[in-house]
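In: got a sequence here, can you model it:
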Amino acid sequence: MSNERPFTMVFPKLHSSKRYLSLDDSGRLLHHYFLDGPHQKHCGCYLIKPAYAATDLVWPVDKFLEYRRKLADAELIDFDPETDEIYVLRWFKHHDRGSWKFGKAIIGQIARIESDRLRDLVHADFAGTPMGKATLEAREAESASEPSVTNITDRLLSTRLMQRGDPDARLYRGVK
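Out: The predicted structure is shown next:
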(Lines give C-alpha, C1' and ligand atoms only; values in the text may rest on other atoms or scores of the structure.)
Protein backbone atom coordinates (compact mmCIF):
# COMPACT_ATOMS: atom_id res chain seq x y z
CA MET A 1 0.00 0.00 0.00
CA SER A 2 1.37 3.37 -0.95
CA ASN A 3 1.55 6.24 1.49
CA GLU A 4 0.47 8.57 -1.30
CA ARG A 5 -3.00 9.90 -0.70
CA PRO A 6 -4.87 11.81 -3.39
CA PHE A 7 -6.45 13.94 -0.65
CA THR A 8 -7.07 13.98 3.06
CA MET A 9 -10.13 15.11 4.92
CA VAL A 10 -9.98 17.60 7.76
CA PHE A 11 -12.93 17.55 10.12
CA PRO A 12 -14.77 20.90 9.78
CA LYS A 13 -15.26 21.26 13.54
CA LEU A 14 -11.48 21.57 13.89
CA HIS A 15 -11.86 25.29 13.24
CA SER A 16 -14.05 25.71 16.33
CA SER A 17 -11.96 23.46 18.58
CA LYS A 18 -10.76 25.17 21.77
CA ARG A 19 -7.40 23.42 21.45
CA TYR A 20 -6.98 24.62 17.88
CA LEU A 21 -8.20 28.14 18.64
CA SER A 22 -5.72 28.41 21.53
CA LEU A 23 -2.91 28.47 18.94
CA ASP A 24 -1.65 31.44 16.97
CA ASP A 25 -1.33 31.33 13.17
CA SER A 26 2.02 29.53 13.23
CA GLY A 27 0.66 26.86 15.57
CA ARG A 28 -2.38 26.35 13.35
CA LEU A 29 -0.16 26.08 10.27
CA LEU A 30 2.00 23.46 11.94
CA HIS A 31 -1.07 21.53 13.04
CA HIS A 32 -2.33 21.47 9.45
CA TYR A 33 1.13 20.37 8.32
CA PHE A 34 0.93 17.45 10.77
CA LEU A 35 -2.68 16.64 9.79
CA ASP A 36 -2.42 16.66 6.05
CA GLY A 37 1.20 17.22 5.08
CA PRO A 38 3.18 15.09 2.67
CA HIS A 39 4.58 12.80 5.39
CA GLN A 40 1.29 11.80 7.03
CA LYS A 41 0.42 8.10 7.11
CA HIS A 42 -2.85 6.27 7.51
CA CYS A 43 -2.06 5.51 11.16
CA GLY A 44 -1.61 9.21 12.04
CA CYS A 45 1.97 8.72 13.27
CA TYR A 46 5.15 9.26 11.35
CA LEU A 47 8.80 10.22 11.52
CA ILE A 48 9.61 13.82 10.74
CA LYS A 49 13.07 15.20 11.44
CA PRO A 50 12.89 18.78 12.79
CA ALA A 51 15.28 20.17 10.17
CA TYR A 52 13.28 18.53 7.38
CA ALA A 53 9.96 19.91 8.64
CA ALA A 54 11.49 23.35 9.19
CA THR A 55 12.70 23.32 5.60
CA ASP A 56 9.22 22.35 4.36
CA LEU A 57 7.69 25.20 6.36
CA VAL A 58 10.50 27.67 5.57
CA TRP A 59 11.04 28.15 9.32
CA PRO A 60 14.13 28.08 11.52
CA VAL A 61 14.46 24.75 13.35
CA ASP A 62 14.04 26.49 16.73
CA LYS A 63 10.63 27.80 15.66
CA PHE A 64 9.55 24.31 14.60
CA LEU A 65 10.66 22.85 17.95
CA GLU A 66 8.87 25.62 19.87
CA TYR A 67 5.60 25.13 18.01
CA ARG A 68 5.81 21.35 18.11
CA ARG A 69 5.95 21.72 21.92
CA LYS A 70 2.98 24.15 21.85
CA LEU A 71 0.91 21.62 19.88
CA ALA A 72 1.81 18.93 22.40
CA ASP A 73 0.89 21.27 25.27
CA ALA A 74 -2.46 21.93 23.57
CA GLU A 75 -2.95 18.14 23.39
CA LEU A 76 -3.20 18.14 19.60
CA ILE A 77 -0.16 15.94 19.05
CA ASP A 78 2.16 13.69 20.99
CA PHE A 79 5.76 13.20 19.99
CA ASP A 80 8.88 11.34 20.96
CA PRO A 81 11.97 13.56 20.76
CA GLU A 82 14.22 10.49 20.76
CA THR A 83 12.74 9.08 17.55
CA ASP A 84 11.36 12.31 16.00
CA GLU A 85 7.99 10.65 15.51
CA ILE A 86 4.75 12.56 15.97
CA TYR A 87 1.22 11.29 16.44
CA VAL A 88 -1.85 13.41 15.76
CA LEU A 89 -4.00 12.80 18.83
CA ARG A 90 -7.59 11.64 18.22
CA TRP A 91 -6.54 10.64 14.68
CA PHE A 92 -8.84 7.64 14.56
CA LYS A 93 -11.81 9.64 15.80
CA HIS A 94 -11.97 11.05 12.27
CA HIS A 95 -10.07 8.41 10.27
CA ASP A 96 -11.75 5.16 11.26
CA ARG A 97 -13.42 4.19 8.00
CA GLY A 98 -12.32 1.24 5.97
CA SER A 99 -12.32 -2.51 5.74
CA TRP A 100 -10.39 -4.94 7.90
CA LYS A 101 -8.00 -5.34 4.95
CA PHE A 102 -7.20 -1.63 5.09
CA GLY A 103 -6.91 -2.07 8.85
CA LYS A 104 -4.23 -4.73 8.31
CA ALA A 105 -2.16 -2.17 6.42
CA ILE A 106 -2.63 0.28 9.29
CA ILE A 107 -1.53 -2.40 11.79
CA GLY A 108 1.60 -2.85 9.67
CA GLN A 109 2.33 0.88 9.86
CA ILE A 110 1.76 0.84 13.63
CA ALA A 111 4.19 -2.07 14.00
CA ARG A 112 6.89 0.04 12.34
CA ILE A 113 6.60 2.92 14.82
CA GLU A 114 9.96 3.00 16.57
CA SER A 115 8.82 4.70 19.79
CA ASP A 116 7.37 2.08 22.15
CA ARG A 117 5.22 4.69 23.90
CA LEU A 118 3.74 6.09 20.67
CA ARG A 119 3.30 2.61 19.17
CA ASP A 120 1.29 1.55 22.23
CA LEU A 121 -0.78 4.75 22.13
CA VAL A 122 -1.55 4.48 18.42
CA HIS A 123 -2.37 0.78 18.72
CA ALA A 124 -4.73 1.40 21.64
CA ASP A 125 -6.48 4.22 19.76
CA PHE A 126 -6.83 2.08 16.63
CA ALA A 127 -8.02 -0.99 18.57
CA GLY A 128 -10.83 1.13 20.03
CA THR A 129 -12.38 1.82 16.62
CA PRO A 130 -14.84 -0.42 14.77
CA MET A 131 -12.27 -0.91 11.99
CA GLY A 132 -9.58 -1.72 14.54
CA LYS A 133 -11.79 -4.27 16.29
CA ALA A 134 -12.70 -5.92 12.98
CA THR A 135 -9.04 -6.00 11.95
CA LEU A 136 -7.90 -7.56 15.22
CA GLU A 137 -10.71 -10.14 15.04
CA ALA A 138 -9.70 -11.01 11.46
CA ARG A 139 -6.05 -11.36 12.53
CA GLU A 140 -7.05 -13.69 15.39
CA ALA A 141 -9.13 -15.82 13.03
CA GLU A 142 -6.30 -15.87 10.51
CA SER A 143 -3.71 -16.90 13.08
CA ALA A 144 -5.99 -19.61 14.46
CA SER A 145 -6.10 -21.31 11.06
CA GLU A 146 -3.50 -23.84 9.97
CA PRO A 147 -0.14 -22.18 9.33
CA SER A 148 0.75 -22.13 5.67
CA VAL A 149 3.97 -21.31 3.91
CA THR A 150 2.41 -17.99 2.86
CA ASN A 151 1.38 -17.07 6.43
CA ILE A 152 4.76 -18.00 7.83
CA THR A 153 6.55 -16.02 5.12
CA ASP A 154 4.30 -12.99 5.69
CA ARG A 155 4.95 -13.12 9.43
CA LEU A 156 8.69 -13.41 8.89
CA LEU A 157 8.74 -10.50 6.46
CA SER A 158 6.86 -8.28 8.92
CA THR A 159 9.45 -8.68 11.69
CA ARG A 160 11.60 -5.68 12.58
CA LEU A 161 14.72 -7.47 11.40
CA MET A 162 13.26 -7.90 7.95
CA GLN A 163 11.67 -4.44 7.88
CA ARG A 164 14.73 -2.36 8.69
CA GLY A 165 17.17 -4.13 10.97
CA ASP A 166 19.10 -5.90 8.22
CA PRO A 167 20.50 -3.69 5.44
CA ASP A 168 20.09 -6.63 3.06
CA ALA A 169 16.47 -7.28 4.07
CA ARG A 170 15.22 -5.82 0.80
CA LEU A 171 17.02 -8.64 -1.00
CA TYR A 172 14.99 -11.22 0.93
CA ARG A 173 11.78 -9.58 -0.26
CA GLY A 174 12.81 -9.85 -3.88
CA VAL A 175 13.57 -6.13 -4.25
CA LYS A 176 16.63 -5.52 -6.37
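
In: bridging residues for Cys45?
Out: Tyr87 (DSSP bridges).

In: number the chain from 371, please
Out: Got it, the first residue is 371 from now on, which makes the last one we talked about Cys415.

In: for this structure, what spans make up the strands?
Out: 415-417, 447-450, 455-458 (DSSP state E).

In: in a markdown table, list the ones you listed along with mean pLDDT and distance to Ala481.
Out: Just so you know, the C-beta spots here come from the backbone N, C-alpha and C atoms, and that holds for glycine as well. Shown next, in a markdown table, are the strands of the chain (pLDDT from 0 to 100; distance: least, CB to CB, whole Å):
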| stretch | mean pLDDT | distance to Ala481 |
| --- | --- | --- |
| strand 415-417 | 96 | 11 |
| strand 447-450 | 97 | 16 |
| strand 455-458 | 96 | 13 |
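
In: His402 versus Asp486, what's the distance?
Out: Using CB to CB, to the nearest Å, Asp486 is found at 28 Å from His402.

In: which ones are touching Leu446?
Out: Residues near Leu446 by CB atoms under 8 Å, 6 or more residues apart in numbering: 389-390, 393, 401, 404, 458-459.

In: follow-up on the earlier one: okay, the strands of the chain in JSON lines with distance to His493 and mean neighbour count next?
Out: Formatted as JSON lines, the strands of the chain follow (distance: least, CB to CB, whole Å; neighbours: other CB atoms under 10 Å):
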{"stretch": "strand 415-417", "distance to His493": "10", "mean neighbour count": "22"}
{"stretch": "strand 447-450", "distance to His493": "13", "mean neighbour count": "20"}
{"stretch": "strand 455-458", "distance to His493": "11", "mean neighbour count": "22"}
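
In: would you list these in TSV and tack on distance to Ser469?
Out: Output for the strands of the chain, formatted as TSV (distance: least, CB to CB, whole Å):
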stretch	distance to Ser469
strand 415-417	21
strand 447-450	27
strand 455-458	22
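
In: thank you, goodbye.
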